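> got a sequence here, can you model it:
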Amino acid sequence: MKVLFNCHVPFMLAHGGAQVQIEQTKAALEQIGVETAYLEWWNDRQTGDILHHFGALPEETIRQAHDKGWKAVNTILLSENCNRPRRALLWRRVLIRTAMAAPLPQLLRPRFHAFRMCDRMLVALEAEKQILVRSYGVQERSIRLVPLGLKEPFLKAGPGPRTGDYLISHGTIAPVKKSVELARLASEANVPVLFVGKPFAAGDSYWEQFRQLVDNKYVRHQPHVASEQEMIGLLQRARGFVLNSRFENWSLAAHEAVACGLPLLLPDLPWSREQFGD
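Purely as a prediction, here's the structure:
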């Protein structure tokens, strides 16, 4: 069996958790003896058995994969959908079902039909599974839950001395994580927060807002770490981990923090309750 991985977002334009998830999924399959490769769109002689796509997968691509005898597997992240208020979820469900039922030409059909065409839909949370079933009409037998996993160094790290005077928040500096808002809260509360991460683009206006808030006292910033061990060291010295994201659906950073023995300050959302209880 040979699995071909594909993603429409180039990593050099949008680094982050998706890149880690794809690379580590590929590596894990290889460790158990499954042949893998990245889909070479220019190579008309490439062979495979399963197309594993991350992100929105067009219907036409699924049909083409099926015509070649391949299976189509789609890993999708349903962040905003899962974390909307209950009334907004219900309203959105009605709109999606109405749009999917409308007799539109194929070119105008909403992309949601692709979810039902895939041989397997892979999601990380039960909350995401319920969205696929209730809103998009995907059969439960076609959905599998594959939780995110941690790399071995984090699993072996354990608690540290927690001798630092800061909370830590690591990840891309971006609106989805509300980094600017968290930085302002840190300044107003006189609580040091160390942000570890970089923006998608240095010229981004949101990044400029964040950069102006860095005072190296309450708002501290480290753009990158040289190794996983350095990241583990920063976590083990921190007093706790904080995330301010409204719509992020699963924070791998939060699990890394837990592995290093940190208490968490998380938004009250379906994913955080599903993963960490009350």
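
> show me where the stretch 1-150 of the chain has strands.
2-7, 35-38, 50-54, 71-75, 120-123, 143-145 (DSSP state E, counting those that start in this stretch).

> want to throw these into JSON lines with distance to residue 60?
In short, each C-beta sits where N, CA and C put it, glycine included. Listed next are those as JSON lines, based on distance: least, Cβ to Cβ, whole Å:
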{"stretch": "strand 2-7", "distance to residue 60": "14"}
{"stretch": "strand 35-38", "distance to residue 60": "20"}
{"stretch": "strand 50-54", "distance to residue 60": "12"}
{"stretch": "strand 71-75", "distance to residue 60": "11"}
{"stretch": "strand 120-123", "distance to residue 60": "18"}
{"stretch": "strand 143-145", "distance to residue 60": "22"}
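
> dump those into CSV; add mean pLDDT and distance to residue 207 as well.
Listed next are the strands of the stretch 1-150 of the chain as CSV, based on pLDDT from 0 to 100; distance: least, Cβ to Cβ, whole Å:
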stretch, mean pLDDT, distance to residue 207
strand 2-7, 96, 24
strand 35-38, 97, 29
strand 50-54, 96, 25
strand 71-75, 96, 28
strand 120-123, 96, 30
strand 143-145, 96, 34
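
> next, format those strands as JSON lines and append distance to residue 235 and mean neighbour count.
Putting these into JSON lines (distance: least, Cβ to Cβ, whole Å; neighbours: other Cβ atoms under 10 Å) gives the following:
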{"stretch": "strand 2-7", "distance to residue 235": "28", "mean neighbour count": "18"}
{"stretch": "strand 35-38", "distance to residue 235": "30", "mean neighbour count": "14"}
{"stretch": "strand 50-54", "distance to residue 235": "27", "mean neighbour count": "22"}
{"stretch": "strand 71-75", "distance to residue 235": "27", "mean neighbour count": "21"}
{"stretch": "strand 120-123", "distance to residue 235": "27", "mean neighbour count": "21"}
{"stretch": "strand 143-145", "distance to residue 235": "27", "mean neighbour count": "14"}
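
> just the buried residues of stretch 137-148, please?
138, 142-143, 148 (16 or more other Cβ atoms under 10 Å).

> for residue 78, see how far away residue 247 is.
Using Cβ to Cβ, to the nearest Å, residue 247 is found at 10 Å from residue 78.

> closest to residue 134 out of the strands of the stretch 1-150 of the chain?
Evaluated over the strands of the stretch 1-150 of the chain, closeness to residue 134 peaks at strand 143-145, with 11.8 Å, by Cβ to Cβ.

> output the contacting helices and strands for the closest one.
Helices and strands touching strand 143-145, by 3 or more Cβ pairs under 8 Å, 6 or more residues apart in numbering; DSSP states H and E, are strand 120-123, helix 126-136.
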